[in-house]
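>>> 3D, please:
(4 chains)
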Protein chains: 2
Amino acid sequence: MTAIAYLMPAASAPAAVAKPTCAQCSFRRLCLAQGLDDTALERLDGIIGKRRRVQRDERLYRLGDSFDTLYAVHFGHFKSTHVNHHGEQRITSFAMSGELLGMNAISSGVHGEDAIALEDGEVCEIPYAGLGQLLVEVPALMQQFHRMMSQEILREQAAMLFLGNMPAEQRLATMLLNLSSRYAARGLSASHFMLRMSREDIGAYLGLTVESISRLVARFRNNGWVRVAQRDLEIIDRGALESLVSGSTNAPALRAAWARYPGST
Amino acid sequence: MTAIAYLMPAASAPAAVAKPTCAQCSFRRLCLAQGLDDTALERLDGIIGKRRRVQRDERLYRLGDSFDTLYAVHFGHFKSTHVNHHGEQRITSFAMSGELLGMNAISSGVHGEDAIALEDGEVCEIPYAGLGQLLVEVPALMQQFHRMMSQEILREQAAMLFLGNMPAEQRLATMLLNLSSRYAARGLSASHFMLRMSREDIGAYLGLTVESISRLVARFRNNGWVRVAQRDLEIIDRGALESLVSGSTNAPALRAAWARYPGST
DNA sequence: CGCTTACTTGAGAGACTTCAAGAGTTGTGG
DNA sequence: CCACAACTCTTGAAGTCTCTCAAGTAAGCG
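Now for the predicted structure:
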């Protein structure tokens, strides 16, 4: 699993982690801890149950599980999936370091999807009850929590826009640029990264078939826009991808939406 | 504008409204006020700026407007729209009584869409700063606010699922059933209601063209599933619509998602 | 090294869109 | 109250994009 190294900064790499804290975490400014002072950070650490290791393909929670804790991704990637009668999988989001999983279960108290690890990873367990208590006492934390919920709404809306609107080429370009900016926000390369998900997963997210994704990737490569070897992807001609996205159907809205996405540059 | 009467209960009908309060509001249990005791209700009323009348086609806010207040729909319908370079409109949601508008602007402080009245209506202005203050003091209100944000995420996800997945027929059926259950939750008929939006708006929401919507509506009518005269719609064969939605691609997830939607029966 | 899983590529079919008119409604001014 | 204009909606025919079906190839894993 060398792939993990891509998203695991040196600081948090050691196999035997002492007792990680939000204060030390390199993804602090992308997460709930954003904008908190030292005292507040300590209190947040206080309610975080534990850092939980998860293996590839392990489910963080399943459809129907009762909700009582939010998960902040420490490292690794996750997908949120729905499965239909035909056994087909549809993915509503991919989560990476600093992002929160489970917020959509607050209203009902029950998870409406599966959260599955795309690779070995680690999450911070944040008991929702404890968080609620802390929000009242730490206004900055409440503000940040609301920002993150709001951002999640924006994300889904941006996804709605491209699913309902864009031709396949633009959907893929949009996704690649989105991944790129999120990696950049994490101090990683914006132009060269590993796709953590299969072609099938990409299709399940973009509303396309595996075959279409495969053909699109080939086209992007043939056009000289990207260099691809399996899941290793390098963006060669970012401008081409950008103009593909923005020259088209509803680009302004989309770009505006993605621009507000956590981690965009 | 006789159409308004459909969503304006007798209690709130008088032209000269004295001083409406959350306590009196018939949509209380669908809105932020849900679960609050009398004292809390009064405090919520205290921060609500005013009830603002809006006319058909009026914009509650526009793309780029700075965000400082949330809007609760008192009566009337609204659409949230994005416009692209080509002048095409895409709709991310339709809002009706008791639903909150503007939550997606919390993260950036700027509205990323236009909210447009589909008919004359009224909204309650909820200053976000004041609300933040009150959330700290009224735990039940904070809980309810989080539930509403969470529900909004679920809504967009459900929309994502059908946009990326379902053929046109199922999208329309899903939307009609969703409207139906939301009206039912408001004490209105689940089987007979007015479509507040144009065919074009429906298309802009479902990711289809006006022509497709028109053909679909005709097909539904010819199949004896609905009776339609302009925007007056009556569901004749609910079972047919339901089996269309659930017999298909990703029904379970979708139904689960819609089931958690505010107002589902 | 063989098996399973993931990805690629081709050809034909189907669904929705686009383009083009035409019909029905609604609103307005004489 | 009617007539005309402006929308909104409907319907048809051709075109396009993506899917489905069907192999075939490459990679990962025991």
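
>>> now the nearest residue to A:I106 once chain neighbours are set aside: phi and psi?
Nearest residue to A:I106 in three dimensions, chain neighbours excluded: B:S150, at 3.7 Å (C-beta to C-beta, 6 or more residues apart in numbering or on different chains). In short, each C-beta sits where N, CA and C put it, glycine included. Reported as degrees, to the nearest 10, the phi and psi values for B:S150 are phi -60, psi -40.

>>> count of residues packed around B:S150?
Using other C-beta atoms under 10 Å in any protein chain shown, B:S150 is surrounded by 23 other residues.

>>> with A:V138 instead?
A:V138: 20 neighbours (other C-beta under 10 Å).

>>> quick one: it and A:L30, what's the gap?
As for A:V138, its distance to A:L30 is 18 Å (criterion: C-beta to C-beta, to the nearest Å).

>>> what is the one residue sitting closest to the centre of chain A paired to in the beta sheet?
Centroid-nearest residue in chain A: A:A95, 2.1 Å away (criterion: C-alpha atoms, centre = their mean). Beta-bridge pairing for A:A95 (DSSP bridges): A:F78.

>>> for chain A, give me the ranges with low pLDDT.
Applying pLDDT under 70 to chain A picks out residues A:1-19, A:85-86, A:247-265.

>>> ranges for the helices of it?
Ranges of helices in chain A, per DSSP state H, are A:38-47, A:128-137, A:139-165, A:168-185, A:199-206, A:210-222, A:238-246, A:251-259.

>>> which elements pack onto the first one?
Yep, that's helix A:38-47 we're talking about. If you count contacts as 3 or more C-beta pairs under 8 Å, 6 or more residues apart in numbering or on different chains; DSSP states H and E, helix A:38-47 packs onto helix A:128-137, helix A:139-165.

>>> I'd say the residue nearest to A:I106 and A:M149 touch.
Yes. Taking contacts as C-beta atoms under 8 Å, B:S150 lies within contact range of A:M149: 7.2 Å.

>>> joint contacts of the two?
Taking C-beta atoms under 8 Å, 6 or more residues apart in numbering or on different chains as the contact rule, B:S150 and A:M149 both touch A:M103.

>>> mind putting the helices of chain A into JSON lines with distance to DNA strand D?
Putting those into JSON lines (distance: least, C-beta to the nearest atom of the strand, whole Å) gives the following:
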{"stretch": "helix A:38-47", "distance to DNA strand D": "35"}
{"stretch": "helix A:128-137", "distance to DNA strand D": "35"}
{"stretch": "helix A:139-165", "distance to DNA strand D": "11"}
{"stretch": "helix A:168-185", "distance to DNA strand D": "3"}
{"stretch": "helix A:199-206", "distance to DNA strand D": "7"}
{"stretch": "helix A:210-222", "distance to DNA strand D": "3"}
{"stretch": "helix A:238-246", "distance to DNA strand D": "12"}
{"stretch": "helix A:251-259", "distance to DNA strand D": "15"}
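
>>> would you turn the ones you listed into JSON lines with distance to B:E211?
JSON lines is the format used below for these (distance: least, C-beta to C-beta, whole Å):
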{"stretch": "helix A:38-47", "distance to B:E211": "53"}
{"stretch": "helix A:128-137", "distance to B:E211": "46"}
{"stretch": "helix A:139-165", "distance to B:E211": "16"}
{"stretch": "helix A:168-185", "distance to B:E211": "22"}
{"stretch": "helix A:199-206", "distance to B:E211": "25"}
{"stretch": "helix A:210-222", "distance to B:E211": "25"}
{"stretch": "helix A:238-246", "distance to B:E211": "26"}
{"stretch": "helix A:251-259", "distance to B:E211": "23"}
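
>>> about what we covered before: and the residue nearest to the centre of chain A, how far from A:M148?
Applying C-beta to C-beta, the value for A:A95 to A:M148 is 12 Å.

>>> before we move on, what about A:L134?
To A:M148, A:L134 is 14 Å away according to C-beta to C-beta.

>>> tell me which of those two has more neighbours.
Set side by side, A:L134 and A:M148 show more neighbours around A:M148, with 23 against 20, by other C-beta under 10 Å.

>>> that one and B:S107 touch, don't they?
Yes. Using C-beta under 8 Å, A:M148 is in contact with B:S107, at 7.4 Å.

>>> residues in contact with the residue nearest to A:I106?
By C-beta under 8 Å, 6+ apart, the residues touching B:S150 are A:103-108, A:149.

>>> what about A:A158, neighbour count?
A:A158 has 26 nearby residues by other C-beta under 10 Å.

>>> sorry, wrong one. I was asking about A:E113.
When neighbours are counted by other C-beta under 10 Å, A:E113 registers 29.

>>> excluding residues flanking it in the chain, which one is nearest it?
Distance criterion C-beta to C-beta, 6+ apart; nearest residue to A:E113, sequence neighbours excluded, is A:S80 at 4.9 Å.

>>> who are the contact partners of A:S97?
A:7, A:27, A:30, A:73-76, A:186.

>>> nothing else from me, thank you.
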